[in-house]
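Undergrad: let's see this in three dimensions:
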Amino acid sequence: MIVAPPTWLITGASSGLGKSPALEALKAGYKVIGTTRDIINAEIACPDFSVKGDIWLGLDPNQQCFIARPARATYSASKFAIEATHESLCQEVKTFGIKVLIVEPGAFRTPFWGRILTPAQFENGVSEGYKGTTVEQIVNGTRHIMSVPDFVKGDPDKAARAIINATVASYGYLRMPLGTDCVVALESKIRDLQRDLEATRSIATTTDID
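TA: As a prediction, this is how the structure comes out:
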């Protein structure tokens, strides 16, 4: 029996961590449906997946989906939401033989960094109350991020190969961090969660109904 090659639906396939996986999938002989920012509702693809059994890949989350940085509340909130959506989706579609993989990349050398704009209200720096704070450091650091040698170390082509390999392998995990910076950030988050849990365990376990 001839098995049809997998089909990839990639939103944001025109650059960066959308373009690299698209090219890598094509090299592997897979079919690719790529969209730009005019994203077609991906729910259209869900019935087809549920019949065939396949992989639903969530790439948009990044390390901001598990660790919120100062001055990035709205951005981080959107990433947290995407993470939660895919975690829920994983449980919903498991019955159909569909796997969900949440790819969490760190900083990769894509056009993203050259497109960062400083909000108008920060052109002349932060307000007096925030001078000397972490918020000022983040705003200034983001503005000049590409001038820091080797700050962005991720290779998008290597990330693409890792993603392709993960989808063809028999994996048993939901999340796949990419980049040493992402691993360090995730380990730090886990330590913080474990610390808070241990510090409040004795309180938490006393609040059940007697």
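Undergrad: the longest helix in the chain is where?
TA: helix 180-204 (DSSP state H).
Undergrad: mean confidence for stretch 198-209?
TA: Mean per-residue pLDDT for stretch 198-209: 96.
Undergrad: chain center to that stretch: distance?
TA: 32 Å (CA atoms, centre = their mean, to the nearest Å).
Undergrad: start and end of it, how far apart?
TA: 21 Å (CA to CA, to the nearest Å).
Undergrad: number of residues surrounding the closest residue to C182 other than its chain neighbours?
TA: Nearest residue to C182 in three dimensions, chain neighbours excluded: G106, at 3.4 Å (CB to CB, 6 or more residues apart in numbering). Where you see a C-beta, it was placed from the backbone N, CA and C, and this is true even at glycine. As a burial measure, G106 scores 21 neighbours (other CB atoms under 10 Å).
Undergrad: test my guess that G106 contacts D181.
TA: Yes: between G106 and D181 there is a contact at 3.9 Å, judged by CB atoms under 8 Å.
Undergrad: what is the neighbour count of Y75?
TA: 13.
Undergrad: repeat that for E92.
TA: E92: 11 neighbours (other CB under 10 Å).
Undergrad: in what helix or strand does it lie?
TA: helix 73-93 (DSSP states H and E).
Undergrad: buried sites along that helix?
TA: S76, K79, F80, I82, E83, H86, L89, C90, V93 (16 or more other CB atoms under 10 Å).
Undergrad: let me know the closest of those to Y171.
TA: Closest to Y171 out of those is C90 (12.6 Å), distances taken as CB to CB.
Undergrad: distance of the closest one relative to K189?
TA: 20 Å (CB to CB, to the nearest Å).
Undergrad: if I look at the nearest residue to A68 once chain neighbours are set aside, how far off is I82?
TA: In space, and not counting its chain neighbours, A68 is closest to S76: 3.8 Å by CB to CB, 6+ apart. Separation of S76 from I82 (CB to CB) stands at 11 Å.
Undergrad: again with V93
TA: In terms of CB to CB, V93 sits 16 Å off from I82.
Undergrad: and D196, by the same measure?
TA: For D196, the distance to I82 - CB to CB - is 24 Å.
Undergrad: got a list of what T180 touches?
TA: G106, K153 (CB atoms under 8 Å, 6 or more residues apart in numbering).
Undergrad: quick check: closest non-adjacent residue to C90.
TA: Nearest to C90 is V100, by CB to CB, 6+ apart, at 3.8 Å.
Undergrad: quickly list what that neighbour is bridged to.
TA: Listed by DSSP bridges, the beta-bridge partners for V100 are W56.
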